[in-house]
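Q: only the shape, not the letters, is given here:
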């Protein structure tokens, strides 16, 4: 069959006869076309040969990679097989831009947590929707992604029952499993967080001219539902403790059963400082300082992120908080001295670090069990973070302090040029004055005495070493045969097994 004339091709396009061809972003003044989508290879070759003027200036069009097969194999919607693009940069898949995006975030002094959240969101997008060029994430693909992402499992790293399963399967498989089995899935606020992180990536691609279309995740943030009281659901997810709750939590009969240091001290520190659970759990001994000349009792918690296993929510969270006199009366400084004597560096050395949650998981988990099982507070909106809500609520209502003074203690973001630029760290005396106005509940708890934690830490680290030896023994076993046989007979068996 002979090739059609150029005039025939143009006439076919004008009359709507070219169903496999779509022209996007044509300029009526210059005649320049940014993108031509052609869904069959023969017509694509003809267009390249006979209509190069559509793409000039500045350069000839290029054919995009064959990404559709990958998307179809994953069960997703892919992009067109043959796409002419204004710039070759537009054809690179999303994964090729991740490294540049990460470098941009790090240069912008983004927190490690934020960077990790962005990279995780991109991995989720890649797995569920496919690794497409940024321009190819069409509204339909994003719609399907939004419908599927809400079924991701909730807190997969904390889900002891299914944790191994989540590690073995893909994000897409996990969403189907959660939906079919009706398992707990992520909240609307978590979906919103993923969308915001993805929107940041596509905005970056647009600024760098890695894509020609608009940000596909712009305006995709789910609308927050309103509660009966007029607040959004996200604001109603956590409630502050009230005085009755605190009296029950710190009841001497119940609280004296919390003998492990990481179950006894963190709730008290949270009550008297308003610090977040991970800010407390990641403390090192040298983060608690007494460096004000002439004031031997002026101890402070330094909320910092100077080590690789420490992190804070944002730059505003970097702050110092005076140690409440009541905490000193309860023997907290004596506990710190015991840790130094035992050779530990961290305030709670038995806590284990995880990349997902830092050191705070164990503290939150143990406190939740205590709150539900012993204190009998069942409201799911009351959790460890409710101490921080209570702290902020009391400072706002009881102290009559200015907002700028309160955020200096709580680590919330500052507002306005004056607060961000000129109002530096609030003086120790001013902060301590605010803390002393807190209406603390009655705390009739035993005072810590020197050596009280010795037996616990000795027992804990002996047990940890024993577990490590058992795990090492399991790792040195292949198909039930020891890799270090003690006898010649075992060596022969090992040889046969291998």
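A: Structure received. What you see is a predicted model, and the numbers here were worked out from it, not measured in a lab.
Q: longest single helix anywhere in the protein?
A: Assignment by DSSP state H gives helix 454-475 as the longest helix of the chain.
Q: show me what that one is packed up against.
A: Under the contact criterion of 3 or more Cβ pairs under 8 Å, 6 or more residues apart in numbering; DSSP states H and E, helix 454-475 touches helix 332-342. Backbone N, C-alpha and C define where each C-beta goes, glycine included.
Q: residues in contact with the helix it packs on: which ones?
A: Residues from elsewhere that reach helix 332-342, judged by Cβ atoms under 8 Å, 6 or more residues apart in numbering: 261, 265, 285, 288, 299, 323, 346-347, 349, 448-454, 457.
Q: quick one on the thing from earlier: may I see the buried residues of the longest helix of the chain?
A: For helix 454-475, the neighbour count (16 or more other Cβ atoms under 10 Å) marks residue 457 as buried.
Q: tell me the average confidence for it?
A: The average pLDDT for helix 454-475 rounds to 87.
Q: please apply the same query to stretch 327-339.
A: In the prediction, stretch 327-339 has an average pLDDT of 95.
Q: what's the answer for stretch 264-277, then?
A: Averaging pLDDT residue by residue across stretch 264-277 gives 96.
Q: off-centre distance for it?
A: The chain centre lies 22 Å from the centre of stretch 264-277; the measure is Cα atoms, centre = their mean, to the nearest Å.
Q: thinking again about what came up before, ChimeraX command for the buried members of the contacts of helix 332-342?
A: A single ChimeraX command suffices to select whichever of these are buried according to 16+ other Cβ under 10 Å:
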select :261,265,288,299,323,346,347,349,448,452,453,457
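Q: next step: the contacts of helix 332-342 restricted to strands.
A: With DSSP state E as the criterion, strands contain residue 288 from among the contacts of helix 332-342.
Q: sitting in helices, which of the contacts of helix 332-342 do you find?
A: Short answer: the contacts of helix 332-342 in helices (DSSP H) are 261, 265, 454, 457.
Q: mind putting those residues into TSV with distance to residue 117?
A: Below are the ones in helices among the contacts of helix 332-342 laid out as TSV (distance: Cβ to Cβ, whole Å):
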residue	distance to residue 117
261	31
265	29
454	40
457	34
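Q: what's the most distant pair in these?
A: Greatest spacing in the ones in helices among the contacts of helix 332-342, by Cβ to Cβ: 265 and 454 (15.7 Å).
Q: now the angle between helix 332-342 and the longest helix of the chain, please.
A: With axes from the mean of the first three to the mean of the last three Cα atoms, to 10 degrees as the basis, helix 454-475 and helix 332-342 are set at 50 degrees to each other.
Q: nearest to residue 389, of the ones in helices among the contacts of helix 332-342?
A: Of all these, residue 265 has the smallest distance to residue 389: 19.8 Å, by Cβ to Cβ.
Q: that closest one: what's it in contact with?
A: Residue 265 is in contact with 332, 335, 347-348, counting by Cβ under 8 Å, 6+ apart.
Q: find the centremost residue of this structure, please.
A: Centroid-nearest residue in the chain: residue 117, 4.4 Å away (criterion: Cα atoms, centre = their mean).
Q: check which helix or strand covers it.
A: Assessed by DSSP states H and E, residue 117 sits inside helix 112-129.
Q: residue 105 now?
A: If you go by DSSP H and E, residue 105 is part of helix 98-107.
Q: again, but for residue 178
A: Using DSSP H and E, residue 178 falls in helix 171-181.
Q: what is that helix packed up against?
A: Short answer (3+ Cβ pairs under 8 Å, 6+ apart): helix 171-181 packs on helix 112-129, helix 139-149.
Q: list the contacts of the shortest one.
A: Yep, that's helix 139-149 we're talking about. Under the criterion Cβ under 8 Å, 6+ apart, residues 76-77, 124-125, 128-130, 132, 172, 175, 186, 191, 194-195, 216-217, 220 lie in contact with helix 139-149.
Q: and that helix, which residues are buried?
A: By 16+ other Cβ under 10 Å, the buried positions in helix 139-149 come out as 141-142, 145-146, 148-149.
Q: for the first one, same thing?
A: Counting neighbours by 16+ other Cβ under 10 Å, one finds that the buried residues in helix 112-129 are 113-119, 121-122, 124-129.
Q: ranges for the helices of the stretch 201-350 of the chain?
A: Secondary structure of the stretch 201-350 of the chain (DSSP state H, counting those that start in this stretch): helices located at 243-249, 252-255, 261-273, 277-281, 325-329, 332-342.
Q: right, and those - which one's nearest residue 436?
A: helix 325-329 (7.5 Å).
Q: which strands and helices lie in contact with the closest one?
A: helix 261-273.
Q: just want the angle from the helix it packs on to helix 332-342.
A: Using the same axes, to 10 degrees: helix 261-273 against helix 332-342 is 140 degrees.
Q: any idea how far helix 261-273 is from the chain center?
A: The answer for helix 261-273 is 24 Å, by Cα atoms, centre = their mean.
Q: stretch 267-283 now?
A: A distance of 19 Å separates the centroid of the chain from that of stretch 267-283, by Cα atoms, centre = their mean.
Q: what's the end-to-end length of it?
A: 14 Å (Cα to Cα, to the nearest Å).
Q: so where's the chain shaky on pLDDT?
A: For the chain, the stretches with pLDDT under 70 are 1-88, 222-236, 398-401, 415-424, 475-498.
Q: okay, domains of it per the record?
A: 6-88, 94-207, 240-435, 454-497 (automatic domain parsing).
Q: closest one to residue 443 among the ones you listed?
A: Ranking the domains of the chain by distance to residue 443, with Cβ to Cβ as the measure, places domain 240-435 first at 5.6 Å.
Q: list the contacts of residue 445.
A: Here residue 445 is in contact with 250, 252, 255-256, 330 (Cβ under 8 Å, 6+ apart).
Q: ok, the nearest residue to residue 127 once chain neighbours are set aside to residue 428 distance?
A: Nearest non-adjacent residue to residue 127, counting by Cβ to Cβ, 6 or more residues apart in numbering: residue 171, 4.2 Å away. Between residue 171 and residue 428 the distance is 47 Å, computed by Cβ to Cβ, to the nearest Å.
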